[in-house]
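In: Sequence first, then the predicted structure:
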Amino acid sequence: MLLISGGSGESFVQFLTVLVLFCVVLAITYITTRWIANFQKTRQEGSNIQVLETCKIAPNAYIQIVKIGLRFVAVAVCKDTVTKIVELSEEELRFETPGENQTAGFREILEKVIDRKQKK
């Protein structure tokens, strides 16, 4: 309704104003989200508790491998409860390096699709 009320020059200025305000709000949201993520990360770094791996087994149920101090524990996390399943030794666990189990990027998937089409 605001864009219809004035002349074409006036409505264009109003459109640019709304666009700039939208970009400013988007930037503030992005910066705030990054700040909160870094704040939470630094809060958890000094603790003796780390969640190493999580596997979803039902809509509200997970199995997690947690390192508490020097011990490794498998726990079942449900909506209202957390249950210890078993204590694990370090030899029973397999640790992967960060780049070892990465999924293929867009470029690799696109190249595979192009290769398949060229073979047909």
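Out: Sure thing, it's come through.
In: C-alpha from now on. contacts and neighbour counts both.
Out: Will do.
In: any idea how far the helix or strand hosting residue 86 is from the chain center?
Out: Assigned by DSSP states H and E, residue 86 falls within strand 82-88. Here the centre of strand 82-88 is set off from its chain's centre by 26 Å, with Cα atoms, centre = their mean, to the nearest Å.
In: For that strand, buried residues please.
Out: Buried residues in strand 82-88, counting neighbours by 16 or more other Cα atoms under 10 Å, are absent.
In: packing partners for it?
Out: Here strand 82-88 touches strand 71-77, going by 3 or more Cα pairs under 8 Å, 6 or more residues apart in numbering; DSSP states H and E.
In: and the residue lying closest to residue 84 once chain neighbours are set aside, how many neighbours?
Out: Among residues not flanking residue 84 along the chain, residue 75 sits closest, at 4.4 Å (Cα to Cα, 6 or more residues apart in numbering). Number of residues near residue 75 (other Cα atoms under 10 Å) recorded here: 18.
In: same check, this time on residue 77
Out: 18.
In: Find me the pLDDT at it, would you?
Out: With respect to pLDDT, residue 77 has a value of 94.
In: Please save the CA atoms from stretch 14-26 in CSV.
Out: C-alpha atoms of stretch 14-26 as CSV (Å, rounded to 0.1, in the frame of the first residue of the first chain):
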residue,chain,number,x,y,z
GLN,A,14,10.4,3.6,-0.4
PHE,A,15,11.3,0.2,-2.0
LEU,A,16,15.0,0.9,-1.7
THR,A,17,14.5,2.0,2.0
VAL,A,18,12.7,-1.3,2.8
LEU,A,19,15.3,-3.3,0.9
VAL,A,20,18.2,-1.6,2.9
LEU,A,21,16.4,-2.1,6.2
PHE,A,22,15.8,-5.7,5.3
CYS,A,23,19.6,-6.1,4.6
VAL,A,24,20.5,-4.4,7.9
VAL,A,25,18.2,-6.7,9.9
LEU,A,26,19.6,-9.7,8.1
